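Chemist: Sequence first, predicted model second:
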Amino acid sequence: MTDLSQPTRMIDAHQHLWKPSERRYEWLTAAGAPLNADFAPEDVEADVSAAGITATVLVQAADTYEDTFYMLSVASRVPVVRAVVAWVPLDRTDEAKAALDLYSRSPVVRGIRVLNHNYSDPRWLLRDDVSPTVALLAPRGLSLDVVSVSPEHLVMVADLAARHPELTIVLDHLAKPDISAHGWEPWASLIAEVAAHPNVSVKVSGLNTASGADWTWQDWLPYVNHAVEHFGSARMMMGSDWPVSTLAGDFGGVWRAQRRVIGHLGLEQQADILHRTAERAYSFDASTPPALAPPASA
């Protein structure tokens, strides 16, 4: 039976905010309406509260410092934001190191992501000019979010995990299985191969936009159960993917559906997916207030 009892902690581990009225997001220009509009924390505040979410993770939406510093400005004034997945130019190691040193002053920068799924090379994260920067993340306690939208991406993620075994890799959106066409292979076999690497976690997020127009949470059940079988709940977390999720639903409806699809699991497993895994992957405790940033040197 589905258990939707209210937990004391719930983390939305994948939320976006953007303001094209203030800065450029190249992919939004191509996407057009309705996504090419301002989505600010005030626009989702009521939905987050109504869902019972106690902490959120903001994830980069542009390969720019402007996007990262906008998220940091939000985190500085919105207490529910507990972590930021920022951007650095992974293919420019010296510059990236300087940016990472600057980010280390912030208590909320807990991970790094680039829009790798928009790059022509599906193995970009394995390039010789990228690997030295990726190697800087784990020693700084930072994770790496990775977007996978093709079988080639999943093969790359497995190779990346093997190359950087100390790095926590977070695979976004369950690697986007083709739920709308009831697709299974090669996604099922490849994600099992990725799950064999213990440093990879996965997000239950973005499933509604991979589904048909009249989706229900039952459509997602085989894919989520497959992930539970191979990753275990201790390497799974939940994210809204707002506002991209609004292309196929509203915040509350999508979040409730995602809770229903894990509702048959035990309460300890649900607690993993609802907050524990995100806390481990992004190195924060959602039950305590954020630590103060250290003062700048004189």
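Modeler: The structure has been received and is ready for your questions.
Chemist: Show the backbone phi and psi for V114.
Modeler: The phi and psi values for V114, taken as degrees, to the nearest 10, are phi -120, psi 160.
Chemist: and S73, what helix or strand is that in?
Modeler: helix 65-75 (DSSP states H and E).
Chemist: quick one: R256 from G32, how far?
Modeler: Distance of R256 to G32, computed by Cβ to Cβ, to the nearest Å: 28 Å. Heads up, the C-betas are built off the backbone N, CA and C, glycines and all.
Chemist: Mind checking which of these two has more residues around it?
Modeler: Using other Cβ atoms under 10 Å as the criterion, R256 and G32 rank with R256 on top: 16 against 9.
Chemist: Enumerate the positions of the helix holding S73 that are buried.
Modeler: The neighbour-count criterion (16 or more other Cβ atoms under 10 Å) identifies 67-68, 70-72, 74-75 as the buried residues of helix 65-75.
Chemist: So which residues make contact with it?
Modeler: For helix 65-75, contacts defined as Cβ atoms under 8 Å, 6 or more residues apart in numbering pick out 17-19, 22-25, 40-41, 58, 60-61, 81-82, 84, 86-87, 99, 106, 108-109.
Chemist: same question for that helix, mean pLDDT?
Modeler: Average pLDDT, helix 65-75: 98.
Chemist: Downstream of that helix, the next helix or strand is which one?
Modeler: With elements assigned by DSSP H and E, the helix or strand that comes after helix 65-75 is strand 81-86.
Chemist: Neighbouring strands - and their directions - for that next one?
Modeler: Strand 81-86 pairs in its sheet with strand 55-59 (parallel), strand 109-112 (parallel), by DSSP bridges.
Chemist: how far off helix 65-75 does the first one point, in degrees?
Modeler: Same thing as strand 55-59. With axes from the mean of the first three to the mean of the last three Cα atoms, to 10 degrees applied, the angle from strand 55-59 to helix 65-75 works out at 170 degrees.
Chemist: Just the CA trace of strand 55-59, in PDB.
Modeler: Presented in PDB, the C-alpha positions along strand 55-59 are these (Å, rounded to 0.1, in the frame of the first residue of the first chain):
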ATOM      1  CA  ALA A  55      15.200  21.800   1.900                       C
ATOM      2  CA  THR A  56      16.000  22.300  -1.800                       C
ATOM      3  CA  VAL A  57      19.100  21.900  -4.000                       C
ATOM      4  CA  LEU A  58      19.500  24.400  -6.800                       C
ATOM      5  CA  VAL A  59      21.100  23.000 -10.000                       C
END
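Chemist: Would you enumerate the residues in contact with A286?
Modeler: A286 makes contact with 9, 11, 54-55, 82, 275, 278-279, according to Cβ under 8 Å, 6+ apart.
Chemist: Wait, a helix at it?
Modeler: No. According to DSSP: H, G, I helix; E, B strand; the rest coil, A286 belongs to no helix; its state is coil.
Chemist: Which pLDDT value goes with it?
Modeler: Per-residue pLDDT puts A286 at 83.
Chemist: what does A30 give?
Modeler: Confidence score, pLDDT, at A30: 83.
Chemist: and it, how far is that from K176?
Modeler: Noted for A30: a distance of 18 Å to K176, by Cβ to Cβ.
Chemist: neighbour count winner among those two?
Modeler: Between A30 and K176, counting by other Cβ under 10 Å, K176 is the more crowded of the two (20 against 10).
Chemist: my read: the more buried one touches S148, true?
Modeler: Yes. Between K176 and S148 a contact is recorded at 6.7 Å, counting by Cβ atoms under 8 Å.
Chemist: Which residues outside the helix or strand that contains V44 are in contact with it?
Modeler: Using DSSP H and E, V44 falls within helix 41-51. For helix 41-51, the surrounding residues in contact (Cβ under 8 Å, 6+ apart) are 10, 12, 15, 17, 56, 74, 78, 80-81, 242-243, 250-252, 255-256.
Chemist: By neighbours, which of these wins?
Modeler: D12 (31 neighbours).
Chemist: And the helices in the stretch 51-200 of the chain?
Modeler: Here the stretch 51-200 of the chain has its helices, by DSSP state H, counting those that start in this stretch, at 65-75, 93-103, 131-134, 151-163, 187-195.
Chemist: Report how many residues lie close to W220.
Modeler: Counted with other Cβ under 10 Å, W220 comes out at 23.
Chemist: now W217: how far from H264?
Modeler: Separation of W217 from H264 (Cβ to Cβ) stands at 11 Å.
Chemist: Please identify which of the two sits among more neighbours.
Modeler: For W217 versus H264, neighbours defined as other Cβ under 10 Å are more numerous around W217 (21 against 15).
Chemist: okay, how far is it across stretch 237-247, tip to tip?
Modeler: End-to-end distance of stretch 237-247: 22 Å, with Cα to Cα, to the nearest Å as the criterion.
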